[in-house]
Every structure is written in structure tokens, then in C-alpha cells.
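**Student:** One predicted model, sequence on top.
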Amino acid sequence: MRHLLLGLLLASVPTTLLAHPLGHDRPLRGLSQDPPGPGSVPVPKEKLLVPPADAAHYVVVSDAAKHGDIWMWTMEDGSRAARYSQSLRGWITETDGVLRLNAAGLPEALTVRGVSPDGDAAETLTLGADGKARWQASADKGEAAASGAFYIANGAPPGLIDMPLVEALVRVGSPGVPLLPSGRAFLDLTDVSAAVTGPQGEKKLRLAQMRGLGMTPTSLWIEEGGRAWGQIGWVSFVPAGYEQAAKTLRPLQQAHERAAVAKINASFMAPENRAPVLFDNVRLFDADRGRFLERQAVLIENGKITRMGRAGSIEAAAGVRRVDGSGKTLVPGLWDAHKHVGGERFAIGNLATGITSYRSPGTRTEDAVKINAARAEGRMLVGEGWHQVIIDKKDPLAAQSSVTVSSAQEAIEAVRQAKAAGLWGVKFYTSMDPAWIAPAAAEAKKLGLWVNGHVPARMRPLDAVKAGYQELTHINFVVMQLMPQHVVDKANTAARLEGPAKYAKDLDLNGPEARAMFAALKRAGTWVDPTLAIFEGNLTSDGGVPQPSVAPYADIVPPPVSRAFRAGGHPLIENLTRDDYRKSFAKLVELVGALHKAGVPIVAGTDGEGRELVREIELYRKAGMSQAEALQTATINVARLVGADKRTGSIAVGKEADLLLVDGDVSRELGALRRVDMVVSDGLVMDGDALRKAAGYSGRPK
């Protein structure tokens with residue numbers, strides 16, 4: 001979550017303002033910092049700006065807790081200033097920013113300082129008398145003719161850039177505005193309106209949709225007159241005192257988004273996409289046996305696999321579509337075992353990246369109920385999902401959108417509510433009291449719910465398994481078994497990453513403690529969801545180039561998204577180097593391989609947008625798995641985990657037809673899984689290029 005107001009509101013300014021003069025390289029005064037970029041040192045918290053008493057105050061909140069504050073004010077010289085302070089589940093952001101607009105309302109100077117979970121937040125912008133904008137940040141540096149474009153900051157405090165951008169977009173209307181470094185933004189005003197009340201009285205708001213900044217339109221609320229008011233989501237950005245507005249605004253926003261998604265779905269759910277299809281002469285991945293078969297034929301009818309055989313052995317009856325699979329591989333639909341979902345827009349992105357089923361280890365209960373109902377009624381194009389609710393202790397470090405509890409009995413009641421809502425499982429989180437895990441897990445198992453999660457602070461993973469965990473989530477919590485006690489004690493803070501970053505490189509995975517852990521997990525039948533790809537970005541990236549998990553998509557996403565791909569990794573601590581972090585990440589990869597070798601089952605999840613999934617299984621290959629074993633972690637293994645392997649997860653006669661046809665030989669190149677030609681899901685046969693376009697991609701990934 002890089003920005004909040006549009007988390008992402010990166011944009012530009014009206015063409016009617018282009019004739020106004022630019023600034024003259026006048027730097028902002030009083031803000032000192034190292035030059036932004038790899039190796040820079042963040043300005044410490046105590047040296048950041050102090051908001052005046054009359055600063056406008058905004059808060060970052062979720063259903064679970066308040067997570068941060070943003071203050072905004074105008075300085076004596078007319079520049080706009082902001083101060084952002086946040087702790088989101090222990091991930092710290094402490095930044096400030098000063099923005100000067102020229103007479104045209106365009107940013108002519110910007111300085112951002114401080115630290116975020118992506119490292120040094122330092123960023124600068126100047127507009128020169130030569131008409132060029134010059135910028136420098138951890139993601140990139142460059143210059144370009146300004147030409148009336150609005151600079152999109154990579155990490156400015158929410159609201160500082162976003163609010164003047166929204167006002168500009170309201171003024172210009174449908175033409176939108178050009179962006180720097182590149183792109184174009186648009187703002188669509190909807191007919192959805194609402195009134196909310198708070199310390200500043202009643203506010204009449206209107207829902208707007210920003211396009212051009214992310215993969216899908218971003219929803220925000222604006223006041224009368226076109227001023228940005230706030231954003232509602234899993235984590236919301238609203239004026240202080242209006243925290244309860246989400247209860248009014250969220251249902252209205254979700255209803256509008258649902259209607260927009262329905263229009264996209266209609267073309268894919270057309271009757272002609274339900275016609276029978278014969279895939280002939282394909283290379284086929286047999287997930288059940290972990291092998292690749294050459295020159296195969298598979299017939300799909302009414303959403304089921306009805307016949308299989310050698311290439312050319314199945315006659316296509318009248319009305320059956322025949323697809324020549326020469327040079328291509330037919331694989332089971334991919335599963336993302338760690339995909340948090342909220343609204344309905346995630347679904348097209350999943351299918352576009354080949355994900356036909358998912359496990360969400362943390363969804364708001366009401367969202368899960370709506371998604372399940374929409375799919376069951378045929379109103380939503382979405383692969384099958386297994387949803388869990390997060391349960392955490394009431395605490396400032398509680399997980400956003402979790403159900404928060406204050407006792408073991410409340411934890412047990414939260415488990416019962418999850419069962420009553422029809423959820424598949426519960427996920428416990430890092431601030432839970434370790435003493436509450438066993439009784440809550442016992443109740444969950446009695447009710448037939450799956451139990452997994454982050455390992456709470458002061459608890460080690462084997463303790464969590466003894467208390468009832470059936471699965472450990474994230475490799476950094478697995479390695480907590482081998483961490484010093486002071487790291488374990490603070491595992492609900494950034495120590496859950498910084499401890500492994502510091503100590504993992506020196507671990508002996510062949511030593512007695514590690515071997516005992518592997519044996520204990522194997523005996524208990526514990527599953528592991530490593531999410532290695534997110535740690536690769538956090539630990540190995542200096543910034544400036546796309547992180548490995550998303551690099552193949554960098555040229556086909558909107559420019560602001562591509563720029564975000566180049567963010568730096570987690571800030572360095574205690575005089576450690578990025579090379580130290582990289583060595584620790586390599587040890588985490590090795591740990592996944594050791595778990596697999598010991599017989600601990602692995603499932604592939606991203607904890608991201610889904611497009612990171614192929615990189616996840618590429619890392620499993622690096623850990624020592626074969627091509628087939630790595631691919632099993634994203635197919636049949638997850639189906640087995642959720643108990644659906646008798647009807648899906650592999651290609652076999654009688655099973656549901658959840659399939660992908662991909663361009664290339666997956667037995668030799670796992671990366672071919674990104675080149676999705678066709679997707680079969682819920683009886684629909686869909687074109688991969690059309691799905692990517694609907695999801696916001698401009699072409700095929702590399």
C-alpha cells in the first residue's frame with residue numbers, strides 16, 4: 001500500500017493551463033537530505049517537519065484499528081506541506097513533503113523525505129526555465145519536457161500531490177491530463193452521492209473513478225466543488241472525525257464497482273464461450289503424477305473433461321471448437337494460495353494471469369459472503385475461492401480488516417461467526433495472545449474450519465503447530481523457529497522481516513535444530529505457504545529496476561504502476577548491507593527446498609496481485625524442486641490443501657475443466673506460464689489476450 005488517497009493518485013493537469021509559465025529551478029528551502037536514489041540515507045523522524053496546530057488532519061483507518069495520521073498545511077511562501085506517520089502491522093512510514101505549484105497549478109518543485117516500507121522515500125522534482133521537469137527518486141531519475149503535465153510522485157504523503165491533481169481533473173473534464181514521467185489520467189464522476197457527518201459538519205460527497213493510474217479504476221470521494229475528500233477501502237484515508245463514514249460509503253462504492261464489473265463480465269460469459277472445445281496435439285501437465293506428456297488431446301464439454309487420449313485420437317463432433325496446441329502446453333488452472341480479495345475487480349486480473357482458483361487467507365466476512373453468492377448465482381466471473389477471516393487481538397498493530405478480540409472467549413466466538421458466515425477457515429495473526437490460540441483453534445477444528453496464520457509474537461512456529469495450526473503462512477514465520485528470542489518476542493513488528501534479514505544468512509539448515517523442526521512439521525502434517533516472491537523484493541532490491549516478480553509485466557502496465565515496480569526494498573538496518581539481505585534471502589530459498597525435501601507440503605501463494613505467482617514457483621525450482629514439483633505447488637497441492645482435489649486441480653476425465661493453454665514448453669520454461677493463450681473456467685472458454693486487456697494490460701508479458 002504505497003499511497004493512500006488514491007494510494008496511487010498520480011496524475012496531471014488541464015490542457016487549458018498549458019500556456020502558463022513554468023518555475024525557474026528554485027529549490028524548496030529548509031529541506032535537506034541526501035540525493036535520492038540507491039544507497040541514500042533516509043532523513044530521520046526527528047528531523048521531519050512538525051505540523052502547526054491548525055494543520056488539516058486526516059487519518060488512516062481500517063475496521064480493525066487506526067493506523068496512521070496525515071497533516072497538511074500551507075507554508076508562509078504558499079507552498080503546500082504534509083507530514084505522514086503510520087504503523088501498519090508494524091511496517092513504518094515516517095515522511096514529509098513540500099510542494100510548490102506554479103501559476104498554472106502544476107508542481108514546479110517537490111521534496112519528499114523520510115522512510116517507508118520501501119526504504120528511503122527521498123524524492124525531488126524541479127521545473128526549469130528551459131521547460132524541462134527533472135526528478136529523482138529511489139525508483140528512477142530523469143528529465144522530460146513538462147508540456148503542462150502533472151508530476152506523479154512515487155512516495156509523497158497522501159493528499160499532497162493527490163488533492164491538487166483531483167481538482168485539476170475535475171476542471172478539465174473528459175480529456176484528462178498528461179502525467180510525468182509518462183501516462184495520462186482521467187476522472188469520471190458517477191451519479192452516486194452520499195452525505196456524511198463529522199466535526200466539520202455535513203459533507204455532501206460524490207463518488208468518482210480515477211483511470212490511468214492503476215490496473216483498474218480507483219474509487220474516491222469528492223466534495224461539492226471538486227475537492228478530494230477521501231478514499232474508502234480495506235484501509236481508508238478520511239478527515240479525522242469521519243472514521244465512521246466508511247459504513248455509509250463502502251456499500252455504495254461496492255455496488256457501483258459491482259455494476260462496472262458486470263459489464264466487463266458480460267462479453268466473457270456469452271453463450272458462444274460455453275461451446276465444447278477440443279485441445280489437440282498439446283503437451284500436457286499431469287499434475288497428479290507430476291509429469292509432462294507429449295502430443296495429447298483433451299475434450300471439454302459442459303465444463304467437464306469428458307475424454308482424453310493421444311493427439312488425433314478424438315474426433316470433434318459438429319459444434320466442437322478444435323484448438324491446435326502445437327508448441328503449447330495445457331496445464332491445470334493455476335491456484336494462488338495467498339490472494340487477499342475484497343471487492344470484485346480482482347477476478348479479471350486473476351483469470352488474465354491464469355489463476356482459476358484461489359485461497360484468500362484474509363477477507364472481510366461481508367465481502368466473502370457477497371463474492372460467494374455472486375459466483376453461485378452466475379453474476380460474477382471469478383474462479384472458485386476459499387475464504388478465511390483474520391482474527392487478531394485488539395491492538396494498534398492489529399491486521400487491517402481483521403476481527404479483533406480481547407479474550408480467548410471472544411476469539412472462540414469469532415471462530416463461530418466465521419463458520420456461521422460459511423467461510424472455509426480462520427487465520428490468526430501476529431498480535432494474538434499465544435494463550436488464546438489453542439482454545440480458538442480447537443473450536444475451529446471442531447467446526448471443520450482450517451487453521452493457519454502468522455505466528456503470534458512470543459510464540460515459535462512449532463508452538464503454533466502444537467496449539468492447532470495446520471499450516472504456517474510466510475517463510476519468515478517458519479524461520480522464526482531458528483531466530484533469537486528477542487526477534488520472536490517482537491514478531492508483530494518489522495522484526496518479523498528484519499530478524500530474518502539479519503540472521504538467516506548464518507543459519508545451518510543441516511544442524512540439529514533445523515532438522516528437528518523439519519521432522520516435527522512432517523510428523524504433524526503441517527503445510528507451508530512460503531510467499532517467497534514478496535521477500536525477494538523486500539530483501540534484494542535496491543530500486544531503479546523492476547523487482548523480479550513483476551519485471552515481465554513492466555512494459556504492459558500503466559506507467560505509474562511500472563514505476564512502482566522499481567521501488568527499493570526494505571530499509572537496511574544495523575549497518576547491514578543489501579548483500580547481507582540477499583544472502584539471507586538465498587537462505588530462505590534454501591529453507592523452502594529443505595522443507596520440501598523433508599516431505600513438508602508446499603503451496604504457492606503471492607500475497608500480491610497474482611501476477612507474481614509464476615515467479616514464486618520459479619523460486620521453488622531454484623530451491624531444488626523439479627519443474628513438475630514446482631508446478632504442483634500451484635495446482636494439485638492447493639487443491640489437496642482445500643480438499644477439492646477429487647474434482648479439480650489436475651487434468652483428468654470427469655474433473656472440472658479448469659485449464660490453461662500457454663504458449664511454450666512449460667517442462668523446460670516455467671516462465672511460459674505467463675504467456676496465457678486461453679483460459680477455461682466454470683464452463684467458459686476465454687481468450688487470454690481479451691482477459692489481459694480487460695484487466696488493464698496492454699499486451700503479453702515477457
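**Tutor:** Perfect, thanks for sending it.

**Student:** so how far is Trp234 from His474?
**Tutor:** Using C-beta to C-beta, to the nearest Å, one gets 19 Å for the distance from His474 to Trp234. Yep, even glycine has a C-beta here, placed from its N, CA and C like the rest.

**Student:** Show me which of those two is the more surrounded one.
**Tutor:** His474 (26 against 18; other C-beta atoms under 10 Å).

**Student:** Helix or strand: which one has the closest residue in space to Val238 that isn't next to it in sequence?
**Tutor:** Sequence neighbours aside, Gly230 is the residue nearest to Val238 in space, at 4.0 Å (criterion: C-beta to C-beta, 6 or more residues apart in numbering). If you go by DSSP states H and E, Gly230 is part of strand 228-230.

**Student:** Which strands and helices lie in contact with that strand?
**Tutor:** helix 162-172, strand 218-223, strand 236-239 (3 or more C-beta pairs under 8 Å, 6 or more residues apart in numbering; DSSP states H and E).

**Student:** Can you point out the buried residues in the shortest one?
**Tutor:** Of the residues in strand 236-239, those with enough neighbours to count as buried (16 or more other C-beta atoms under 10 Å) are 236-239.

**Student:** which other residues reach the helix or strand just after that strand?
**Tutor:** Next in sequence after strand 236-239, counting helices and strands by DSSP H and E, comes helix 245-268. The contact list for helix 245-268 (C-beta atoms under 8 Å, 6 or more residues apart in numbering) reads 61, 63, 190, 192, 194, 196, 198, 205, 207, 217, 219, 221, 230, 232, 236, 238, 343-345, 347-348, 370, 374, 379-381, 684, 686, 690-691, 694.

**Student:** CA atoms only: put the helix or strand just after helix 245-268 into CSV for me.
**Tutor:** Sequence-wise, the next helix or strand downstream of helix 245-268 (DSSP H and E) is strand 277-286. Taking Å, rounded to 0.1, in the frame of the first residue of the first chain, the C-alpha atoms of strand 277-286 are listed here in CSV:
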residue,chain,number,x,y,z
VAL,A,277,-13.7,-27.4,-27.2
LEU,A,278,-11.1,-30.0,-28.2
PHE,A,279,-7.4,-29.2,-27.4
ASP,A,280,-5.4,-31.4,-29.8
ASN,A,281,-1.7,-32.0,-30.1
VAL,A,282,-0.8,-30.4,-26.8
ARG,A,283,2.0,-31.0,-24.3
LEU,A,284,0.0,-31.8,-21.1
PHE,A,285,1.0,-31.5,-17.5
ASP,A,286,-0.3,-34.4,-15.4
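
**Student:** For strand 277-286, give the mean pLDDT please.
**Tutor:** Confidence for strand 277-286, expressed as mean pLDDT, is 98.

**Student:** residues making contact with that strand?
**Tutor:** Contacts of strand 277-286 (C-beta under 8 Å, 6+ apart): 291-300, 311-312, 314, 316, 320-326, 328-332, 628, 631, 635, 650-651, 659, 661, 665-667, 680, 685.

**Student:** Of these, keep whichever come out buried.
**Tutor:** Buried among these (16+ other C-beta under 10 Å): 292-293, 296-300, 311, 314, 323, 325, 328-332, 628, 631, 635, 650-651, 659, 661, 666-667, 680, 685.

**Student:** Among those, name the ones in helices.
**Tutor:** Those of the buried ones among the contacts of strand 277-286 mapping onto helices are 628, 631, per DSSP state H.

**Student:** Which of the buried ones among the contacts of strand 277-286 fall in strands?
**Tutor:** 292-293, 296-300, 323, 328-332, 659, 661, 680, 685 (DSSP state E).

**Student:** Low-confidence regions, the chain specifically.
**Tutor:** The model of the chain has pLDDT under 70 over residues 1-40.

**Student:** quick one, what contacts the residue most central in space within it?
**Tutor:** Nearest to the geometric centre of the chain sits Gly608, at 3.0 Å (C-alpha atoms, centre = their mean). Contact analysis of Gly608 by C-beta under 8 Å, 6+ apart lists 533-534, 549.

**Student:** Kindly recompute the last result at 10 Å.
**Tutor:** Listed by C-beta atoms under 10 Å, 6 or more residues apart in numbering, the contact partners of Gly608 are 336, 338-340, 531, 533-534, 537, 549-550, 615-616.

**Student:** which of those residues tops the neighbour count?
**Tutor:** That'd be Asp336 among the contacts of Gly608, by other C-beta under 10 Å, with 32 neighbours.

**Student:** Bridge partners for that one, pull those for me.
**Tutor:** Tyr358 (DSSP bridges).

**Student:** ok, the strand holding Gly230: who's next to it in the sheet?
**Tutor:** Short version: by DSSP bridges, strand 228-230 pairs with strand 218-223 (antiparallel).

**Student:** Just want the angle from the strand it pairs with to helix 162-172.
**Tutor:** 80 degrees (axes from the mean of the first three to the mean of the last three C-alpha atoms, to 10 degrees).

**Student:** angle of strand 218-223 against helix 245-268?
**Tutor:** Using the same axes, to 10 degrees: strand 218-223 against helix 245-268 is 140 degrees.

**Student:** Just the CA coordinates for strand 218-223, please, in CSV.
**Tutor:** The C-alpha coordinates for strand 218-223 follow below in CSV (Å, rounded to 0.1, in the frame of the first residue of the first chain):
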residue,chain,number,x,y,z
THR,A,218,-9.6,3.7,-8.4
SER,A,219,-12.6,4.9,-6.4
LEU,A,220,-12.5,8.1,-4.4
TRP,A,221,-15.0,10.5,-2.9
ILE,A,222,-15.0,14.3,-3.7
GLU,A,223,-16.8,17.2,-2.1
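
**Student:** buried stuff in the longest strand seen in the chain?
**Tutor:** The single longest strand within the chain, with elements called by DSSP E, is strand 184-198. When burial is assessed from 16+ other C-beta under 10 Å, strand 184-198 yields the following buried residues: 184-187, 192, 194, 196.

**Student:** just stretch 386-398 next, same as before
**Tutor:** Using 16+ other C-beta under 10 Å as the test for burial, stretch 386-398 gives 386-393, 395, 397-398.

**Student:** tell me how far it is from the chain's mean position?
**Tutor:** 17 Å (C-alpha atoms, centre = their mean, to the nearest Å).

**Student:** Next: stretch 538-550.
**Tutor:** For stretch 538-550 - counting by C-alpha atoms, centre = their mean - the centre lies 15 Å from the chain centre.

**Student:** can you check stretch 373-388 too?
**Tutor:** Using C-alpha atoms, centre = their mean, the distance between the centre of stretch 373-388 and that of its chain works out at 20 Å.

**Student:** what's the span of that stretch from first residue to last?
**Tutor:** For stretch 373-388, the first-to-last residue distance is 16 Å (C-alpha to C-alpha, to the nearest Å).

**Student:** Walk me through the domains of this structure.
**Tutor:** The chain breaks down into these domains under automatic domain parsing: 46-263, 454-625.

**Student:** and the end-to-end length of the longest one?
**Tutor:** I take that to be domain 46-263. Domain 46-263: ends 50 Å apart by C-alpha to C-alpha.

**Student:** got a list of what Phe518 touches?
**Tutor:** Phe518 touches 481, 509, 591, 594-600, counting by C-beta under 10 Å, 6+ apart.

**Student:** That one: what secondary structure?
**Tutor:** Following DSSP: H, G, I helix; E, B strand; the rest coil, the label given to Phe518 is helix.

**Student:** and it, how far is that from Glu413?
**Tutor:** For Phe518 relative to Glu413 (C-beta to C-beta), the value is 36 Å.

**Student:** What of Ser138?
**Tutor:** Taking C-beta to C-beta, one finds Ser138 at 45 Å from Glu413.

**Student:** elements contacting the helix or strand Pro178 falls within?
**Tutor:** Taking DSSP H and E as the criterion, Pro178 maps to strand 177-180. Under the contact criterion of 3 or more C-beta pairs under 10 Å, 6 or more residues apart in numbering; DSSP states H and E, strand 177-180 touches strand 141-145, strand 150-151, helix 162-172, strand 184-198, helix 559-564.

**Student:** Apply 7 Å and report the result again.
**Tutor:** strand 150-151, strand 184-198 (3 or more C-beta pairs under 7 Å, 6 or more residues apart in numbering; DSSP states H and E).

**Student:** Now stretch 695-702: buried residues?
**Tutor:** Neighbour counts using 16+ other C-beta under 10 Å place 695-697, 700-701 of stretch 695-702 among the buried residues.
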